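**Q** One predicted model, sequence on top.
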Amino acid sequence: MKIYIKNMVCIRCQMVVKSELEKFGIAYTYVKIGEANVKEQVSEEILGKLDTALRKSGLQLMDNNRSILVEQIKNVIIDLVHYTDDQLKVNLSDYLSEKLNHEYTYLANLYSEVKGVTIEHFYLKHKIERVKELIVYDELNLTEIAFKMHYSSVAHLSNQFKKITGLTPTHFKRLKNKRRGTLEDV
């Protein structure tokens, strides 16, 4: 049985879910971003208690298919941008369609309807958030960051960065008080 968890965007979230599942004696085969596969059917009462416990950590169980699919779109993009260094071999639309087994038009319409922004905008915001993270770490220069994030040039990266943040990457780097947002807030 799969259970779907909203706002689960990082490894720490996975640790919280594993811990809560173990507290309730729920055996699982895996926990990954956005979902957990439990070995046996879980009663509604236990699921309610699990949901209450997860909400204390900013997570929550989902049972609406549309909400689950929107969350899956978000999780695929977050995983792609923040946890994968491989460059896409296909368009983002083809990648999402393949990963989620739905036509991209359906995914795009559903996402826009529920979230009020396009999938592409969400993707770009996360790319820029990852760029901000790399700038703050100060281990790579802008050319290396542009290459790592699969931009065609530093100019392309800089233009998108300024469009999303209102700042140039160089100006952002100089700001000591401006820091990254949380993934949940993007």
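**A** Sure, I can see it. Numbering: from 1, shown residues only.

**Q** Quick check: buried residues in the one helix or strand in the chain whose mean pLDDT sits lowest?
**A** With mean pLDDT, DSSP states H and E as the measure, the helix or strand of the chain carrying the lowest mean pLDDT is helix 169-174 (a mean of 89). For helix 169-174, a neighbour-count test (16 or more other C-beta atoms under 10 Å) marks Pro169, Phe172 as buried. (C-beta placed from N, C-alpha, C; glycine too.)

**Q** For it, which helices and strands make contact with it?
**A** In terms of contact count using 3 or more C-beta pairs under 8 Å, 6 or more residues apart in numbering; DSSP states H and E, helix 169-174 is assigned the packing partners helix 119-137, helix 142-148, helix 154-165.

**Q** just how off-centre is it within its chain?
**A** Shown here is helix 169-174, whose average C-alpha point lies 24 Å from the average C-alpha point of the whole chain (C-alpha atoms, centre = their mean, to the nearest Å).

**Q** residue nearest the centroid of the chain?
**A** For the chain, the residue nearest the mean C-alpha position is Ile78 (2.8 Å; C-alpha atoms, centre = their mean).

**Q** Make sure that residue is actually in contact with Val9.
**A** Yes: with contacts defined as C-beta atoms under 8 Å, Ile78 counts as touching Val9 at a distance of 5.4 Å.

**Q** Please work out which of the helices and strands packed on helix 169-174 is packed deepest.
**A** Comparing the helices and strands packed on helix 169-174 by mean neighbour count (mean count of other C-beta atoms under 10 Å), helix 119-137 comes out on top with a mean of 18.
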